[in-house]
Every structure is written in C-alpha cells, then in structure tokens.
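>>> with the sequence up front, the predicted model follows.
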Amino acid sequence: MASVTLRTKSIDKKGYSLFLDIYNEGHRYKEYLKLYVSKDYVKPENKNILKQDKESWELATAIQAKRLIQIKESIAGFIPKSTKQDFIKYYREETSQRHSTYQHALTYLIEYNQSEKLPFKVFDEKYLKDLIAFLKTQELSTSSIRMYLSRISAVLNQAVIDKVIPTNPFHHLKRGQGGDIPAETKSKIEYLTLDELRKLNNTAFDDSVRHFFLFSCFSGLRLSDLLKMKWTDIKAGTLTYTQGKQGNVKTHYLPLSAQALSLLPAISKKQVNVMKEQQELVFAHVPPKRKINTQLKAWAKKAKLDKNIHIHVGRHSFATLALTSGVGLYTVSKMLGHSKIGTTQIYAEVIDEVKQKAADMLPSL
C-alpha cells in the first residue's frame with residue numbers, strides 16, 4: 001500500500017522543516033518541501049496553526065494530497081504523456097538550485113553517456129550497472145561514487161513523483177557487499193607530515209599545481225573555497241570568505257599562516273605568465289580538478305612518497321599539522337570552518353593513533 005506522510009525535522013534557528021515521507025512499491029524515500037514552520041504541528045498538542053505558519057502548512061498538506069493522488073494514478077497504470085522525456089534535460093531543471101555535487105554527478109553521467117541526450121526509456125537497470133562500472137574506473141573514492149549515485153537516484157525519485165517514469169530503476173539494484181552499488185567503507189584519512197611536505201616541496205614540479213596544493217596544506221581551505229578565492233578577499237593577512245546555501249550563508253575570517261602568505265607572490269607571478277594578466281580569482285590558472293589529482297599523484301611518485309595524494313589531502317594535512325603543533329581542537333575547528341567540533345574530532349583521533357604508535361616504539365627496560 002502506498003502512503004504519503006507529512007513530517008517535520010528540527011532545524012537550528014528555523015524551527016521545523018517540512019518533508020514528505022513517501023512509501024511506494026516497497027520503497028521509501030523523502031521529499032523535502034523547502035517549507036518551514038515554527039512549531040511541530042505533527043504533534044497532537046500543537047493543533048492550532050499559528051498565523052505566520054498557516055500558509056506554509058496549508059501548502060505542504062496540499063502537496064501531500066497531490067503526491068498521494070499521483071502515486072495512486074501511477075499504481076493504476078496511468079502515466080500521462082510528458083514533455084520531459086530526456087533525463088539530462090529533466091536533471092538540469094530539477095537541480096539548478098541544488099548543491100554542487102548534483103552538477104558533479106551530471107558531469108560524470110554526460111562523460112559516460114558521450115551525449116547531452118539521454119531518453120528516460122534508455123535509463124534502465126542495465127544502463128545504471130554500466131554507469132557504475134564506468135565510475136569505478138575513474139579516480140573516485142567509494143564515498144564519492146555512492147554520493148553521485150544518490151544524487152542521480154534522488155532526481156529519478158522526483159521523476160516518479162512527477163509521473164515521468166513509473167519506478168526508479170535504482171530500486172531494483174542490489175546494495176551493500178557484493179551488490180551493484182558499492183558498499184560504504186570507512187575511508188582512511190590520508191595526510192602529509194611536515195617532513196613529507198618538505199620532501200614534496202623540494203621535488204621540482206609544475207608550479208600551478210605545486211602552489212595550489214601547498215596553499216591548501218597551509219590554509220586548510222576546501223577546493224570550492226580555493227577556486228572562488230579572489231585577491232581582494234585577502235586583506236592584512238586575513239581571508240574573508242562565505243559558506244552555506246541561500247538563506248543560511250555564513251561569513252568566515254581566516255588568518256592565513258606565514259607559509260600560505262609567502263606563496264602568494266609566486267602564485268601571482270605564475271598566473272600572469274600563464275594568462276598574460278592578473279585575474280580576479282587567485283587560482284584562475286589551475287587545471288580542472290581531475291587533472292590536478294592526476295598531477296598530484298605524479299608529483300608524489302616523483303618525490304617517492306607512498307601516499308595516495310589528492311586535493312583534499314591538503315586540508316587533512318593542515319588539520320593534523322595544526323593539532324600536532326599544539327593548536328587547540330576548538331581553534332582548528334573554527335579555522336576549518338566546521339559548524340560542529342565533532343567533525344574536527346576525527347583529526348584528533350588520527351593524532352592519538354600517531355602518538356600511540358610512537359609510544360609503542362619506545363624500548364623496554
């Protein structure tokens with residue numbers, strides 16, 4: 001039996017987010033409505049809807065009723081004709097305002113498809129299995145593959161709701177160990193010690209990638225923040241940047257380390273040499289992400305480092321270097337831009353493991 005239940009989720013400073021808990025054909029998924037109320041009206045004691053919440057609540061219940069009708073029509077075999085017959089076009093329409101990972105997933109999908117056109121009727125279980133096999137050949141972690149697949153699946157769920165397709169082909173794939181979709185694995189945090197960074201720095205390599213990675217190691221910035229960083233954002237040794245989605249954007253002020261600041265003149269000179277003029281973005285001249293990762297691996301190999309280096313290793317290295325240098329966990333958390341200190345705690349656990357190994361190496365009497 002199909003069901004569509006209106007539920008709430010507590011959101012800091014926003015009250016409650018409204019979403020639909022949809023169950024259909026043995027599968028359950030959520031549709032977040034981007035509507036908010038100040039009280040949890042799902043609870044019986046909150047029967048009286050406040051004036052400021054009335055419009056959002058009524059709209060949510062109207063969507064709930066509409067979704068239930070759509071699902072029942074789908075079960076009855078009524079799938080109306082739609083102009084949205086191309087998945088890639090539909091994907092773009094649905095995700096234009098969503099997180100950037102949706103666009104990254106689409107990039108890989110188009111690369112595999114080798115075309116901007118992908119009819120829904122072609123996007124079946126076999127196509128998905130072949131897509132997953134392709135993603136496994138790319139330089140992607142298991143978590144990245146799982147994330148990109150979840151983004152594509154979310155759009156297919158919406159297509160079911162919109163009656164473009166009767167079912168989501170993902171629901172027929174096996175998950176977990178030995179299944180079609182890779183099982184979730186606990187990834188090892190890869191980072192570089194100060195000695196390893198010195199070894200890398202002393203190994204000649206292309207300056208565009210070299211400066212970009214070293215700046216990441218000594219600033220702790222994410223790839224997205226590095227790529228949008230402007231020269232005008234840096235004043236008196238402090239970088240000002242923003243993070244977050246529309247309606248919840250936070251401004252961060254990051255004092256840059258002396259080592260990070262010392263790289264800026266060389267970065268500026270390299271940019272002018274490559275692009276013949278000073279650009280607004282600090283790293284306007286660096287190659288695409290995948291090429292950077294490929295070059296980083298080549299650089300590490302040349303430096304004879306037995307480490308799986310990719311862009312995010314720079315951020316990991318910054319965190320571990322700061323903690324081993326005596327910077328407090330709370331301060332490191334703020335410098336990394338983490339909203340919760342628990343996110344930073346994982347680096348403290350890495351440092352504890354290093355300390356334990358060092359202790360185990362001490363000789364006995």
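Sure, I can see it. Numbering: from 1, shown residues only.
>>> can you count the residues close to Arg175?
The local packing of Arg175 (other CB atoms under 10 Å) involves 13 other residues. (C-beta placed from N, C-alpha, C; glycine too.)
>>> give the contact list for it.
Ile181, Ala183 (CB atoms under 8 Å, 6 or more residues apart in numbering).
>>> tell me the secondary structure at the spatially most central residue of the chain.
Among the residues of the chain, the one closest to the centroid is Thr101, at 5.2 Å (CA atoms, centre = their mean). The assignment at Thr101 comes out as helix when based on DSSP: H, G, I helix; E, B strand; the rest coil.
>>> contacts for the longest helix anywhere in the chain?
In the chain, assigned by DSSP state H, the helix with the most residues is helix 51-75. For helix 51-75, the surrounding residues in contact (CB under 8 Å, 6+ apart) are 2-6, 18, 20, 22, 24-25, 31, 33, 35-39, 41, 49, 79, 160-163, 166.
>>> and it, average pLDDT?
For helix 51-75, mean pLDDT rounds to 82.
>>> so where do the helices sit in the protein?
51-75, 87-95, 100-113, 125-137, 142-161, 194-201, 207-217, 223-228, 258-275, 289-302, 312-324, 329-336, 341-360.
>>> which residues of this protein score low on pLDDT?
Low-confidence segments of the chain, defined by pLDDT under 70, span residues 1, 13-14, 25, 73-84, 176-178, 185-187, 244-248, 358, 364-365.
>>> about what we covered before: could you turn the buried ones of the contacts of helix 51-75 into a PyMOL selection?
Typed into PyMOL, the next command selects the buried ones out of those (criterion: 16 or more other CB atoms under 10 Å):
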select buried, resi 4+6+18+20+22+24+31+33+35+36+37+39+41+160+161+163
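>>> out of the contacts of helix 51-75, list just those in strands.
In this view, those that belong to strands under DSSP state E are 3-6, 18, 20, 22, 24, 31, 33, 35-37.
>>> and which of those residues is nearest Ala298?
Each of the ones in strands among the contacts of helix 51-75 was checked against Ala298 using CB to CB; the closest is Glu31, at 44.2 Å.
>>> what's opposite that closest one in the beta bridge?
Leu20 (DSSP bridges).
>>> where do the domain boundaries of this protein fall?
In the domain annotation for the chain, the residue ranges read 3-75, 87-172, 194-360 (automatic domain parsing).
>>> off-centre distance for the second one?
How far domain 87-172 lies from its chain's middle: 15 Å, per CA atoms, centre = their mean, to the nearest Å.
>>> cool, the first one as well?
Relative to its chain's centre, domain 3-75 lies at 26 Å (CA atoms, centre = their mean).
>>> and if you look at the longest one?
The offset between the C-alpha centroid of domain 194-360 and the centroid of the whole chain comes to 17 Å, using CA atoms, centre = their mean.
>>> and the domains of the chain as CSV, adding distance to Gly179?
CSV is the format used below for the domains of the chain (distance: least, CB to CB, whole Å):
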stretch, distance to Gly179
domain 3-75, 16
domain 87-172, 10
domain 194-360, 25
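>>> out of the ones you listed, flag the one nearest Glu184.
domain 87-172 (6.4 Å).
>>> how long is stretch 158-170 end to end?
Taking CA to CA, to the nearest Å, the first and last residues of stretch 158-170 lie 13 Å apart.
>>> what does stretch 3-20 give?
End-to-end distance for stretch 3-20: 10 Å, by CA to CA.
>>> tell me how far the residue nearest to Ala319 when sequence neighbours are not counted lies from Leu194.
In space, and not counting its chain neighbours, Ala319 is closest to Tyr347: 4.3 Å by CB to CB, 6 or more residues apart in numbering. In this structure, Tyr347 and Leu194 are 15 Å apart, going by CB to CB, to the nearest Å.
>>> who has more neighbours, these two?
With neighbours defined as other CB under 10 Å, Tyr347 and Leu194 compare such that Tyr347 has more, 24 against 13.
>>> any idea how far the more buried one lies from Thr324?
Distance check for Tyr347 against Thr324: by CB to CB, it reads 10 Å.
>>> in CSV: the ones in strands among the contacts of helix 51-75, plus distance to Val122.
Below are those laid out as CSV (distance: CB to CB, whole Å):
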residue, distance to Val122
Ser3, 31
Val4, 29
Thr5, 33
Leu6, 35
Leu18, 35
Leu20, 29
Ile22, 25
Asn24, 23
Glu31, 25
Leu33, 31
Leu35, 35
Tyr36, 38
Val37, 41
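>>> of those, which is the nearest to Pro119?
Minimum separation from Pro119 among those (CB to CB) is found for Asn24, which lies at 23.2 Å.
>>> bridging residues for the closest one?
Under DSSP bridges, the beta-bridge partners of Asn24 are His27.
>>> that one and Val160 touch, don't they?
Yes: judged on CB atoms under 8 Å, Asn24 makes contact with Val160 at a distance of 7.5 Å.
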